[in-house]
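Engineer: here are the coordinates; sequence isn't available:
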């Protein structure tokens with residue numbers, strides 16, 4: 001660390017250091033005091049409180065980013081749930097499939113398959129989109145919006161195709 005000559009003299013003596021610390025502490029405010037001063041100043045100036053997510057609409061790229069993270073977390077939870085559940089259940093998987101075919105309406109099965117397939121399709125396709133971005137291509141806002149809508153539409157169509165199998 002480079003210390004200038006004046007600082008060396010100041011820090012050589014422990015009394016000077018103690019004095020410096022006590023003076024610095026005298027000027028410091030706590031977070032509570034700073035917050036109180038901030039709100040008092042805003043009230044005095046009649047400033048409105050900043051809008052929050054209740055009235056602010058996130059842009060498409062932000063929503064798609066949140067959805068990408070959410071689908072990744074959801075798939076992780078499902079895989080871990082099935083993994084841990086397989087330790088607790090001693091039956092055969094064929095029995096479960098047969099039970100579902102016999103007792104669940106086909107439209108409900110199609111909907112469930114699409115709901116289960118969508119996170120995988122969306123996350124995979126959006127991951128490819130991110131890989132393209134990593135190469136430095138398709139980074140202008142117009143292309144980001146176009147590819148965002150395309151990814152959602154294609155992921156839904158692909159999950160619908162998987163659901164009909």
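Structural biologist: Sure thing, it's come through. All values derive from a computational prediction rather than experimental measurement. Numbers count the residues shown, from 1 in each chain.

Engineer: going forward, measure contacts and count neighbours with C-alpha atoms only.
Structural biologist: Will do.

Engineer: now stretch 100-110: mean pLDDT?
Structural biologist: Stretch 100-110 carries an average pLDDT of 93.

Engineer: mind listing what's buried in it?
Structural biologist: For stretch 100-110, a neighbour-count test (16 or more other C-alpha atoms under 10 Å) marks residue 110 as buried.

Engineer: could you point out where this protein is predicted with low confidence?
Structural biologist: 1-28, 51-54 (pLDDT under 70).

Engineer: can we see that at 90?
Structural biologist: For the chain, applying pLDDT under 90 flags the ranges 1-39, 41-43, 45-58, 82-83, 85-97, 100, 165.

Engineer: what about the helices in it?
Structural biologist: Listed in chain order, the helices of the chain (DSSP state H) span 5-12, 14-27, 31-44, 60-88, 93-103, 106-134, 141-163.

Engineer: show me what the fourth one is packed up against.
Structural biologist: Taking 3 or more C-alpha pairs under 8 Å, 6 or more residues apart in numbering; DSSP states H and E as contact, the helices and strands that helix 60-88 lies on are helix 106-134, helix 141-163.

Engineer: phi and psi next, for the closest residue to residue 42 other than its chain neighbours.
Structural biologist: By the measure of C-alpha to C-alpha, 6 or more residues apart in numbering, the closest residue to residue 42 outside its immediate chain neighbours is residue 48, 7.7 Å from it. Here the main-chain torsion angles of residue 48 (degrees, to the nearest 10) amount to phi -70, psi 160.

Engineer: residue 48: neighbour count?
Structural biologist: Counted with other C-alpha atoms under 10 Å, residues neighbouring residue 48 total 8.

Engineer: measure it to residue 36 for me?
Structural biologist: The gap separating residue 48 from residue 36 is 16 Å, by C-alpha to C-alpha, to the nearest Å.

Engineer: repeat for residue 95
Structural biologist: For residue 95 relative to residue 36 (C-alpha to C-alpha), the value is 64 Å.

Engineer: ok, residue 122 next?
Structural biologist: Residue 122 sits 46 Å away from residue 36, going by C-alpha to C-alpha.

Engineer: cool, residue 152 as well?
Structural biologist: Taking C-alpha to C-alpha, one finds residue 152 at 45 Å from residue 36.

Engineer: kindly report the same for residue 100.
Structural biologist: 60 Å.

Engineer: just residue 65 next, same as before
Structural biologist: Counting by C-alpha to C-alpha, the gap from residue 65 to residue 36 is 35 Å.
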